[in-house]
Structures are given as structure tokens and as C-alpha cells.
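K.L.:
My questions are about this predicted structure, shown below with the sequence.
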Amino acid sequence: MIDVFIIGSPAKRTFQIQKILNDLLDNIDEENIYIVIEDIDRSGDSGIYFLETLNHFFKNNFKSEKKVRIIVPISDKKYEESRSAYLKCLDITHNFFI
């Protein structure tokens, strides 16, 4: 199923992406799935819109009993600039300082 991303354009509409995600995640044997999404904070409003859409999908259209955790590293500066937008689509926030 992963080769769907290699051959041409697999999806142009939200419902097509939702079907691909459901199919991919159903074929994983693990009960707990962790997904890391990098560079959302570098994508501006498009990144935030993507997170909102992804959050909506997992809350309303995900058809599996598996537990999916999505980890989204965001720089402090970008988070502060768009705090209210990020808080709409993140269930948990955690500050990490090196």
C-alpha cells in the first residue's frame, strides 16, 4: 500500500487522503502508532490548516480501534506567534528545552 505514494498523484481530495490513511493504518499490526510530522511550523498557515484537518480526521473519520499519537515539533517562536491557531488543533502541548 505504501507504493501508492510513489506512483503518480494518489489523492487530490480530502476523502481520498482519508481512505489512504485508513488503509495504511489498518495494515499496521501495532496497536499503538506514533507519527512524527516535521516542519509544520515552517509551513505557515498551510501547516496549521493541515493539522486542523488531520485532527478532524482522527476525531471523526478514523475507522480503527488503534491508538494513534501524532508528534509535531514546533519552535517556541512559531508557537507563540500562532498560539491560538495551534491550540485549536493540538490536544496536548509540552515544552521541551535542551
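P.N.:
On my side now, so go ahead.
K.L.:
can you map out the strands along the protein?
P.N.:
In the chain, the strands defined using DSSP state E lie at 32-36, 67-71.
K.L.:
Quick check: which of those is buried the most?
P.N.:
Looking across the strands of the chain with neighbours counted as mean count of other Cβ atoms under 10 Å, the highest average goes to strand 67-71: a mean of 13. Every C-beta, even on glycine, is put in place using the N, C-alpha and C of the backbone.
K.L.:
Could you dump the strands of the chain into a markdown table with mean pLDDT and distance to Asn95 added?
P.N.:
Formatted as a markdown table, those follow (pLDDT from 0 to 100; distance: least, Cβ to Cβ, whole Å):
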| stretch | mean pLDDT | distance to Asn95 |
| --- | --- | --- |
| strand 32-36 | 93 | 17 |
| strand 67-71 | 93 | 14 |
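K.L.:
out of the ones you listed, which comes closest to Lys59?
P.N.:
For Lys59, the closest of those is strand 67-71, at 10.9 Å, according to Cβ to Cβ.
K.L.:
starting at the chain centroid, how far to the closest one?
P.N.:
8 Å (Cα atoms, centre = their mean, to the nearest Å).
K.L.:
Next: stretch 70-85.
P.N.:
With Cα atoms, centre = their mean, you get 14 Å for stretch 70-85.
K.L.:
Just the terminal-to-terminal distance for that stretch.
P.N.:
17 Å (Cα to Cα, to the nearest Å).
K.L.:
Buried residues of that stretch, list them for me.
P.N.:
Val72, Ile74, Lys78, Tyr79, Ser82, Ala85 (16 or more other Cβ atoms under 10 Å).
K.L.:
same thing with stretch 43-57?
P.N.:
Under the neighbour-count criterion of 16+ other Cβ under 10 Å, stretch 43-57 has Gly47, Ile48, Leu51, Leu54 buried.
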